[in-house]
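S.K.: how does the following fold in three dimensions:
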Amino acid sequence: MSRLRNALAALAAATSPAAAETVKFPGDGLTLTGVLYRPAGAGPFPAVVALHGCAGLYGRDGKLSPRHADWAERLEQQGFIVLLPDSFGPRGAESQCRTADRVTRPSRERVADALAAKAYLQARADVKANAVSLLGWSNGGSAVLYAVERGRGAEDGKPDFAKAIAFYPGCRVPAERENWRARLPILILIGAADDWTPAGPCQDLVATAQKLGAPASITVYPGAYHDFDPPNLPLRTHKGLAYTGDGRGVAHTGTDPAARADALQRVPAFLAR
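M.R.: Coordinates of the predicted model:
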């Protein structure tokens, strides 16, 4: 019996994913930190840089927020190394959701963080350098739009991001320019009822990008609000937000089971294509 238990324990150790670890890597003028999830085995593996939203990477309890942990664990189980860089902690910042003058702008600092995270992953022997994709939520999703815009690639001689996914990004500013184009395949996932970062500007953004020949696509989920994809997030109303669809600072968030279920299937399928 003890021999059987030892064999089962060895099998579990060989097939279970490695625990998440905190890593440090050079950023643009500072040292960044992040949480890394890695599948078991030698690799090399495809990888995902995942950018948090305006509330930050961690919850009030100091732990990785449920949305980030859930997605990282699921992607790890699909065979991806996942790196979640912290754009706030190294800069001494907390939640930026109610701050108009942000220390980490999606168009600048967060793009730099995404590129630094890509460079760190591509320097690892267990990562496929030409298969590093970018994903982001809300404020991080907005950073994705800027990071993959044509003409903004890193000039480091390394492969570009392979693909990109933006969950409910703020699309109004790039859409108003009417010339935004992605240089690589990007998928936007957003709720039709989102009143924090409305779906309309994102639909306009993708429509214009497609007319210009850019590889952009969008999925809009009927009835879904902002933050539709975390596990078991109750519907709630937020007030005093710096940026919302109608400018009143009020928006709703909450899990939409149908939208979440679809995204859980659509995201890994898009990344693996």
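S.K.: quick one, helices of the stretch 1-150 of the chain?
M.R.: Ranges of helices in the stretch 1-150 of the chain, per DSSP state H, counting those that start in this stretch, are 2-15, 66-77, 109-122, 139-147.
S.K.: how about these, which one is nearest residue 159?
M.R.: Ranking the helices of the stretch 1-150 of the chain by distance to residue 159, with C-beta to C-beta as the measure, places helix 109-122 first at 7.0 Å. From N, CA and C alone the C-beta is placed, and that goes for glycine too.
S.K.: who does residue 217 bridge with?
M.R.: The residues listed as beta-bridge partners of residue 217 by DSSP bridges are residue 187.
S.K.: adding distance to residue 233, write the helices of the stretch 1-150 of the chain out as JSON lines.
M.R.: Shown next, in JSON lines, are the helices of the stretch 1-150 of the chain (distance: least, C-beta to C-beta, whole Å):
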{"stretch": "helix 2-15", "distance to residue 233": "30"}
{"stretch": "helix 66-77", "distance to residue 233": "8"}
{"stretch": "helix 109-122", "distance to residue 233": "23"}
{"stretch": "helix 139-147", "distance to residue 233": "17"}
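S.K.: out of those helices, deepest packed?
M.R.: Neighbour counts (mean count of other C-beta atoms under 10 Å) averaged over each of the helices of the stretch 1-150 of the chain peak at helix 139-147, with a mean of 27.
S.K.: okay, residue 3: pLDDT?
M.R.: Taken from the predicted model, the pLDDT recorded for residue 3 is 42.
S.K.: and what of residue 108?
M.R.: 93.
S.K.: can you tell me how far it is from residue 28?
M.R.: Using C-beta to C-beta, to the nearest Å, residue 108 is found at 9 Å from residue 28.
S.K.: ditto for residue 231
M.R.: Between residue 231 and residue 28 the distance is 33 Å, computed by C-beta to C-beta.
S.K.: isn't residue 120 up against residue 83?
M.R.: Yes. Contact criterion C-beta atoms under 8 Å: residue 120 and residue 83 qualify, at 7.1 Å.
S.K.: got any residues that touch both of the two?
M.R.: Common neighbours of residue 120 and residue 83 are listed as residue 23 (criterion: C-beta atoms under 8 Å, 6 or more residues apart in numbering).
S.K.: low-confidence ranges, this protein, go.
M.R.: The chain contains residues with pLDDT under 70 at 1-18, 153-155.
S.K.: which stretches of it form strands?
M.R.: Per DSSP state E, the chain carries strands over the ranges 21-26, 31-37, 45-51, 81-86, 127-137, 164-167, 186-191, 216-221, 236-238, 251-253.
S.K.: so which of those is nearest residue 177?
M.R.: For these, the distance to residue 177 is smallest for strand 216-221, at 14.3 Å, taking C-beta to C-beta.
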